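**Q** sharing a model prediction with you, sequence too.
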Amino acid sequence: MERNGFLINKKIHQYILPGVLMTVAMQLGNVVDGMIVGNILGPDAMAAIEISMPVLLLLQMPAMMLAMGGAAKAAVLLGKRNTREADGVFSASVGAGLVLSLFFAVFTPSLPGILATVLAGNETLAALAQPYIAVNFGGIPILTLAIIFCYFMNADNHPQLGSMLFIIANVVNLALDLVFLKGLKIGMAGSALATVIGYFAGMVTVVFYFRSKHRMLHLRKPAGETLRYAGLAAKAGIPSAAFTLMSALKSVIINSAIVRILGNDPMAVYSVCANAVLIAELCVGGIIGLVQNIAGILYGEKDYYGIRVLCKKVLTYSYLAIAALLLIFLAAPQFIAGLFGITQGEMLGMCNMALRIFALSFPFYVYNKFLMSYYQTILQPGLSTVITALQGFLVIVPLTLGGIFLWGLFGVCAAAVVSEAATILLSCLYRMLGQRKGRFERGVYMLPEVEQVKNLDCSIRNDLDEVIAFREKLFSFCEENHITERDAKILGLAMEEIAANIVQYGYRDDRKNYMDISFTIQDDKYILRIRDDGIPFNPLEYRPDGEEQKEDVTVGGIALLKKIMSDFQYMRVLNMNNTVAELNIVPK
């Protein structure tokens, strides 16, 4: 009777489809957006979008910092069953994001023209970039709220709504692209306007989220602790902010160098390569996103076994997906180039060469992205930021500038491969140095080692015989650890009552299911945690005879447990029931 990964694997397979759909919708929308612009408005327009990217990244930086950092912090707090703090982080993230985005929108009439001129380097690209940047300035409040709500919905039992937000947004975006660019001929402003309207349409999913009975997070009125909660979200989101800032600086430097030294055609080819990264993100982003959606909760619950199961599965699936993509890029780069309107001549030859080299960076990119997401999720923003800085600026920019001067476009693409590999090496050296100095836990995942004599961690089938068998194992564990007979009986009663209810009433089918049971001796208390993915049932909502009860559930014993246990809590996280019973240790 040992712990297994049955429940975690079920969660992975339940969450992976919404996560993949969300990433596919988001990145496919960006990629197809580039294809439509390239085919309708031409390569210069596609280059103008790439030139504008630093501005878009900076506009979205507060949203990404508050969304990813706030959602990661809220997930850990939910895992710790601290709903008050989690609500505070959620509310402060939404409020701070709205205030900052409205501040940016105020500058819509004045800044876009100046920024377009500075970034473009020539009048042709500046004229194309200015209306695109202006619409993004005006629409940033809508994009900010959509991004923040999406990440929090993913962390709060509603990944389907998070993915649906991006699906609706990008379906509307692409449809309006064709209407605005081909039908109404609005030009670059039409491309940006289609994106803003698309995200506004996607926000309809937020209405369904607020009406859901299964959400754990709630918006609260601003209070004296709002700034503290916003600070918690911002601190956890430092890696996201750093990534966005580094990406913006990198784009400014590299794009300017390519345009001024190599010209407009190589810039158009490089923009296709930049879209290649979006295609890679399309393939693996949803899979790696499982880390943030699931690992934060598990880390808050101190379920380190579950985290290891999750990480192994995420890396396996990610590399299977990226291997297939790499084969396509190596075998048929002309197909990728053609999608962006580059179909013949010298530009096609340059694009084929560039895409084949650029694609070799994908395997390294996957591992760096995984580590950044993982370390941010377990609230190690410093280490995640180091990887971000190395990958996003400190390594790639010097190598790319050197590559431009030495080998032109070939050097730009080769630098992408070398920089991703060098980032892995340097970040591993930094982590190991920190571990030698005692600043980090040991191992790649930096998880504490659980002392077996203090922890009993098992998975049992939804079978009453297994419940009885685990009760006997629990009694033996209590005896080995000198727990009094009285406390052992109370703990055995708590486990048996909760687990028996799950077996009898938790599932509406006869398929094999498991529940995870963990018993730990921690500080001055005994903690019993039982997790299952059966029908939602909150024992704290039980009412004595004569009042409304949950249908067909016998909970008389649970009423007794609420009286004799020191603490009795329930959370519905990751769409699983988490019941936690605590008993204070009485000094002998």
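**A** Ah, there it is. Model, not experiment: these values are computed from the prediction.

**Q** show me where the stretch 351-500 of the chain has its strands.
**A** Assigned by DSSP state E, counting those that start in this stretch, the strands in the stretch 351-500 of the chain fall at 455-461.

**Q** ranges for the helices of it?
**A** With DSSP state H, counting those that start in this stretch as the criterion, the stretch 351-500 of the chain has helices at 362-377, 381-389, 396-407, 409-436, 464-480, 485-505.

**Q** and the top helix by length along the chain with helix 362-377, angle?
**A** If you go by DSSP state H, the chain has its longest helix at helix 43-79. Counting by axes from the mean of the first three to the mean of the last three Cα atoms, to 10 degrees, helix 43-79 points 40 degrees away from the direction of helix 362-377.

**Q** out of the helices of the stretch 351-500 of the chain, which is closest to P333?
**A** helix 409-436 (11.3 Å; Cβ to Cβ). Glycine gets a C-beta too; all of them are placed from N, C-alpha and C.

**Q** so which bits of stretch 469-488 are buried?
**A** Neighbour counts over stretch 469-488 (16 or more other Cβ atoms under 10 Å) mark 470-471, 473-475, 477-478, 483, 488 as buried.

**Q** redo these as CSV? Include pLDDT.
**A** Shown next, in CSV, are those (pLDDT from 0 to 100):
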residue, pLDDT
F470, 89
R471, 89
K473, 90
L474, 89
F475, 90
F477, 88
C478, 88
I483, 86
A488, 87
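
**Q** the nearest residue to S566 once chain neighbours are set aside: what's it in contact with?
**A** Of all residues beyond its chain neighbours, the one nearest S566 is N584 (4.3 Å), with distances taken as Cβ to Cβ, 6 or more residues apart in numbering. The neighbourhood of N584, defined by Cβ atoms under 8 Å, 6 or more residues apart in numbering, consists of 524-525, 566.

**Q** can you tell me how far N584 sits from L561?
**A** 14 Å (Cβ to Cβ, to the nearest Å).

**Q** cool, and C413?
**A** Applying Cβ to Cβ to C413 and L561 gives a distance of 63 Å.

**Q** same deal with P222?
**A** 38 Å.

**Q** likewise for F200?
**A** Counting by Cβ to Cβ, the gap from F200 to L561 is 48 Å.

**Q** same thing with I8?
**A** Taken as Cβ to Cβ, the span from I8 to L561 is 27 Å.

**Q** which of C413 and L561 has more residues huddled nearby?
**A** Neighbour count, other Cβ atoms under 10 Å: between C413 and L561, C413 has more, with 25 against 18.

**Q** separation between that one and P112?
**A** Taking Cβ to Cβ, one finds C413 at 31 Å from P112.

**Q** equivalent analysis for H482, please.
**A** 71 Å.

**Q** repeat for G183
**A** Taking Cβ to Cβ, one finds G183 at 25 Å from P112.

**Q** so for these two, which sits in the more crowded spot?
**A** P112 (22 against 10).

**Q** next up, the contacts around that one.
**A** 55, 130-131, 133-134, 137.

**Q** who wins for most neighbours among these?
**A** The member of those surrounded by the most neighbours (other Cβ under 10 Å) is I133, with 28 neighbours in all.

**Q** test my guess that it contacts T117.
**A** No: taking Cβ atoms under 8 Å as the definition, I133 is not a contact partner of T117, at 10.6 Å.

**Q** list the buried ones in stretch 123-143?
**A** Applying 16+ other Cβ under 10 Å to stretch 123-143 flags 125-143 as buried.

**Q** L528 sits in which helix or strand?
**A** strand 525-532 (DSSP states H and E).

**Q** what residues sit buried inside that strand?
**A** For strand 525-532, by 16+ other Cβ under 10 Å, it's 526-532.

**Q** save those as CSV, and put in distance to G338 and pLDDT too.
**A** Conversion of those to CSV gives the following (distance: Cβ to Cβ, whole Å; pLDDT from 0 to 100):
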residue, distance to G338, pLDDT
Y526, 65, 86
I527, 59, 85
L528, 60, 87
R529, 55, 88
I530, 56, 89
R531, 50, 88
D532, 51, 89
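
**Q** between those residues, which is closest to E50?
**A** R531 (46.4 Å).

**Q** for that closest one, give me its contacts.
**A** Contact partners of R531, counting by Cβ under 8 Å, 6+ apart, are 7, 515-518, 576-579.

**Q** which one (most neighbours) among those residues?
**A** M515 leads the contacts of R531 on contacts (other Cβ under 10 Å) with 27 neighbours.

**Q** and the helices of the stretch 351-500 of the chain as CSV, adding distance to T316?
**A** Below are the helices of the stretch 351-500 of the chain laid out as CSV (distance: least, Cβ to Cβ, whole Å):
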stretch, distance to T316
helix 362-377, 11
helix 381-389, 21
helix 396-407, 27
helix 409-436, 18
helix 464-480, 29
helix 485-505, 30
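
**Q** and the ones you listed: which comes nearest A234?
**A** Between the helices of the stretch 351-500 of the chain, helix 381-389 lies closest to A234; by Cβ to Cβ that is 9.9 Å.

**Q** next, the buried residues of that closest one.
**A** For helix 381-389, by 16+ other Cβ under 10 Å, it's 381, 383-389.

**Q** out of everything not next to it in sequence, what's closest to M53?
**A** S251 (4.9 Å).

**Q** which element is the one you found on?
**A** Per DSSP H and E: helix 238-257 holds S251.

**Q** what is that helix packed up against?
**A** helix 43-79, helix 111-120, helix 264-290, helix 362-377, helix 381-389, helix 396-407 (3 or more Cβ pairs under 8 Å, 6 or more residues apart in numbering; DSSP states H and E).

**Q** got the angle for that helix vs helix 396-407?
**A** Going by the same axes, to 10 degrees, helix 238-257 makes 20 degrees with helix 396-407.

**Q** now do helix 238-257: everything it contacts.
**A** So helix 238-257 is in contact with 50-51, 53-55, 57-58, 60-62, 64-65, 67-69, 119, 121, 234, 267, 270, 372, 375-376, 381, 384-385, 387-389, 391-393, 396-397, 400-401, 404, 412, going by Cβ under 8 Å, 6+ apart.

**Q** tally of neighbours for N82?
**A** Neighbour tally, N82, other Cβ under 10 Å: 16.

**Q** same deal with D465?
**A** 10.

**Q** measure it to E496 for me?
**A** When D465 is compared with E496 (using Cβ to Cβ), they lie 12 Å apart.

**Q** how close does N584 get to M46?
**A** Distance of N584 to M46, computed by Cβ to Cβ: 65 Å.

**Q** er, A354 actually
**A** The separation that A354 has from M46, given Cβ to Cβ, amounts to 14 Å.

**Q** again with V259
**A** For V259, the distance to M46 equals 13 Å [Cβ to Cβ].

**Q** next one: L401
**A** Using Cβ to Cβ, we find L401 at a distance of 23 Å from M46.
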